[in-house]
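Chemist: just coords:
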């Protein structure tokens, strides 16, 4: 299989509608016939990333590459950056506001969940420039 | 356990998916924190929640859940029901509080299947 590249813009501002990009990606992965567990893990990573982009960065973009043996999801925003990545990775730490909490997020589980469901995760961030979260999910052969 | 049994046990009202009540679920989870649902759910196909917004449906969708039950008599707006319909997720509302709803289902044999359970 050739590498399949998908790009999903993530609209900022409207947290109530966030998650559309993740839904679209999930449908595409289903059509590709990938294992259910792989689809679920990729969807959760993307969804948490998408919610983060809307809460903290006024949107961004997700690039997804699907190969025979792995999925790479690169979630890029031009938001404020993360001052302390180690702190942001702790379960329970959150800087999300009231709106996010009312919607069932902001419990400080976003980045930890992305780590939990991916095989590899990296965060590149620069204050005032933005953040890129990249995850790799292996596809069992 | 079939969704039709769950409907009867909880005295629930179906808001969408009456024709899909023969669907079978083997475990459930109850939470108002969607991030916790995403963190701890494995193959639970039923979500009980008191939170009413579209992100409940999206969370359930990411986890391939079959049914959402809103507890404490909460009734979601039509746009939320439509979103669930689009994603083929049955929607019910029940008058019970979360603790009682979960307890009734558990005592009738529907387990949690959380981390650490076998």
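Modeler: Noted; the coordinates are in hand. Quick caveat: nothing in here was measured; it's all calculated off a predicted structure. Numbering: from 1, shown residues only, chains lettered A, B, ... in the order given.
Chemist: Determine the longest helix present in chain A.
Modeler: Secondary structure of chain A read by DSSP state H shows that its longest helix is helix A:36-57.
Chemist: Which elements pack onto whatever helix or strand comes next after it?
Modeler: On the C-terminal side of helix A:36-57, the closest following helix or strand by DSSP states H and E is strand A:59-66. In terms of contacts (3 or more C-beta pairs under 8 Å, 6 or more residues apart in numbering or on different chains; DSSP states H and E), strand A:59-66 is packed against strand A:4-11, helix A:20-31, helix A:36-57, strand A:70-77. (Glycine included, C-beta is placed from N, CA and C.)
Chemist: count of neighbours near residue 88?
Modeler: Going with chain A. Using other C-beta atoms under 10 Å in any protein chain shown, residue A:88 has 20 neighbouring residues.
Chemist: My question was about chain B, not that one.
Modeler: Counted with other C-beta under 10 Å, residue B:88 comes out at 13.
Chemist: buried ones in the longest helix of chain A?
Modeler: Within helix A:36-57, the residues that qualify as buried are A:38-57, counting by 16 or more other C-beta atoms under 10 Å in any protein chain shown.
Chemist: on contacts alone, who are the packing partners of that helix?
Modeler: Helix A:36-57 packs on strand A:4-11, helix A:20-31, strand A:59-66, strand A:70-77, helix A:110-117, strand A:130-138, helix B:34-40, helix B:54-62, going by 3+ C-beta pairs under 8 Å, 6+ apart.
Chemist: That helix vs strand A:70-77, what angle?
Modeler: 10 degrees (axes from the mean of the first three to the mean of the last three C-alpha atoms, to 10 degrees).
Chemist: Between helix A:20-31 and helix A:36-57, find me the angle.
Modeler: 160 degrees.
Chemist: Quick check: residues of chain A near chain B?
Modeler: Neighbours of chain B within chain A, by C-beta under 8 Å from any C-beta of the partner chain: A:15-19, A:22-23, A:26, A:36, A:40, A:43-44, A:47-48, A:51, A:102-110, A:112-113, A:116.
Chemist: Now restrict these to buried residues only.
Modeler: Using 16+ other C-beta under 10 Å, the buried ones in the residues of chain A next to chain B are A:15, A:18-19, A:22-23, A:26, A:40, A:43-44, A:47-48, A:51, A:103-110, A:112-113, A:116.
Chemist: Which residue would you name as the spatial centre of chain A?
Modeler: Closest residue to the average C-alpha location of chain A: residue A:49 at 2.4 Å, with C-alpha atoms, centre = their mean.
Chemist: Pull the contacting residues for the spatially closest residue to it that is not a sequence neighbour.
Modeler: Once flanking residues are discounted, residue A:49 sits nearest to residue A:75: 4.0 Å by C-beta to C-beta, 6 or more residues apart in numbering or on different chains. Going by C-beta atoms under 8 Å, 6 or more residues apart in numbering or on different chains, residue A:75 touches A:10, A:46, A:49, A:50, A:52, A:53, A:60, A:61, A:62, A:132, A:133, A:134.
Chemist: any idea how far chain B is from residue A:75?
Modeler: 15 Å (C-beta to the nearest C-beta, to the nearest Å).
Chemist: helices and strands of chain B: which one has the lowest mean pLDDT?
Modeler: helix B:34-40 (a mean of 88; mean pLDDT, DSSP states H and E).
Chemist: what's downstream of that one, the next helix or strand?
Modeler: strand B:46-49.
Chemist: Quickly run through the sheet partners of that following strand, with directions.
Modeler: Strand pairing for strand B:46-49, determined by DSSP bridges: strand B:28-30 (parallel), strand B:67-70 (parallel).
Chemist: What average pLDDT does the longest helix of chain A get?
Modeler: Helix A:36-57 carries an average pLDDT of 95.
Chemist: now that helix: how far from the chain's centre is it?
Modeler: Relative to the centre of its chain, helix A:36-57 is centred 4 Å away, using C-alpha atoms, centre = their mean, to the nearest Å.
Chemist: quick one, that helix and helix B:54-62 angle?
Modeler: Using the same axes, to 10 degrees: helix A:36-57 against helix B:54-62 is 150 degrees.
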